[in-house]
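In: based on what follows, work out the 3D shape:
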Amino acid sequence: MFPDFLADVFINYSAVPPYLDGARSRGVLWQAAPGRFLLDLPDVARFLVESGTKVTIDPSPTAEEADLRRFARMAPLAALCYQRSMLALHAAAVVGPSGAILIAGDSGAGKSTLLAAMLKREWSFLADDLAAVSLAENGLSMVYPAFPELALWSDARGKLAFDDSDTGRHLLPRVESFGTTPQPLRALFRLAVHKGEIELADVTGTRLFDTLTTLSYNSRIADALLERAAFMRQASAIARTVPVRTLRRPRDRWCAGELADLLEESYS
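Out: Below you'll find the predicted structure:
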């Protein structure tokens, strides 16, 4: 249900109350208190995440196991990371010869499409949608493997010559391209869409810290669970050791190959 780096997390199926005692933060369907996070998904389950070590799941009678796995890999996984003082970024993670590159951004920015384009060039990957990052003892930021699958819309699957037998967005197993060991972070790109052509700009200074806040997987949950000192340590390490750039792509034309060229030329 969770990545291997969280193999020590205890998963329990039991009743979970609808309200969290001592909640200090609330959002749509979630509540947070020190060391605890509650996600209440109607007709699916309640997830109670505690201290980065325990997840209690209270399934709806109509929920299927596949739904429980899918939703556990979203906000509950991010909550586990935050409670362990790790970053959880809304990003795909590709791996080249020198380490990991994060392709971060909002939903629809094209993260999975660019990831898939890099896989066609024999790169591997660690994550498609949520990238877990932790600070190692040597001061380097390390990116951890998540799940060996990526989600692609049918038009991207067709243009990249992936299986295109169905329409819509599908999870594609990619075990053969999946990296199983943590990799040092070498660069972070914030992928965005605009009306112009491909643009690349450095992110520095206070804008870098703002960018990392924005790119956190549900930034309000991050603000509720991740201690500010831990965030600053992680962000400072990234600012000190890797380039952070905004990569803007044109809204109205296909350019995955050009973006992949840029990444490959810069970090091969």
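In: would you check that L130 makes contact with A92?
Out: No: between L130 and A92 there is no contact under Cβ atoms under 8 Å: 9.2 Å. The C-beta positions use only the backbone N, C-alpha and C, and glycine is treated the same way.
In: mind listing what's buried in stretch 62-77?
Out: Judged by neighbour count using 16 or more other Cβ atoms under 10 Å, the buried positions of stretch 62-77 are A63, D67, L68, F71, A72, R73, M74, A75, P76, L77.
In: and the last one, what does it touch?
Out: Pointing back at L77 there. F2, P3, L6, A88, L130 (Cβ atoms under 8 Å, 6 or more residues apart in numbering).
In: which residues in the protein form helices?
Out: 65-72, 75-83, 111-119, 154-159, 205-215, 219-225, 228-241, 256-267 (DSSP state H).
In: how much space between the nearest residue to M74 once chain neighbours are set aside and V143?
Out: Nearest in space to M74, with sequence neighbours left out and distances taken as Cβ to Cβ, 6 or more residues apart in numbering, is L130 at 7.4 Å. The spacing between L130 and V143, counted by Cβ to Cβ, to the nearest Å, is 11 Å.
In: can you check R36 too?
Out: From R36 to V143 the distance is 27 Å (Cβ to Cβ).
In: more neighbours, those two?
Out: V143 (28 against 19; other Cβ atoms under 10 Å).
In: quick one: contacts for the nearest residue to the more buried one once chain neighbours are set aside?
Out: Here the nearest residue to V143 in space, its sequence neighbours aside, is A100; by Cβ to Cβ, 6+ apart that works out to 4.1 Å. By Cβ under 8 Å, 6+ apart, A100 lies in contact with A93, V94, L126, V143, Q183, P184, L185, R186.
In: looking at those residues, which is nearest D21?
Out: V143 (35.1 Å; Cβ to Cβ).
In: thought that closest one was touching P182?
Out: Yes: in this structure, V143 is within contact of P182 by Cβ under 8 Å, at 6.4 Å.
In: between the two, what contacts are shared?
Out: By Cβ under 8 Å, 6+ apart, the residues touching both V143 and P182 are L126.
In: what residues go with each domain of the chain?
Out: Using automatic domain parsing, the domain parsing of the chain gives 4-83, 87-267.
In: would you list the phi and psi of the residue sitting furthest away from the middle of the chain?
Out: Distance from the C-alpha centroid of the chain peaks at P61, with 29.2 Å (Cα atoms, centre = their mean). When read as degrees, to the nearest 10, the backbone of P61 gives phi -60, psi -20.
In: burial count for K195?
Out: K195: 8 neighbours (other Cβ under 10 Å).
In: just L200 next, same as before
Out: Neighbours of L200 (other Cβ under 10 Å): 12.
In: tell me the contacts of it?
Out: Taking Cβ under 8 Å, 6+ apart, we find L200 in contact with R245, T246, L247, R248, L262.
In: thanks a lot, catch you later.
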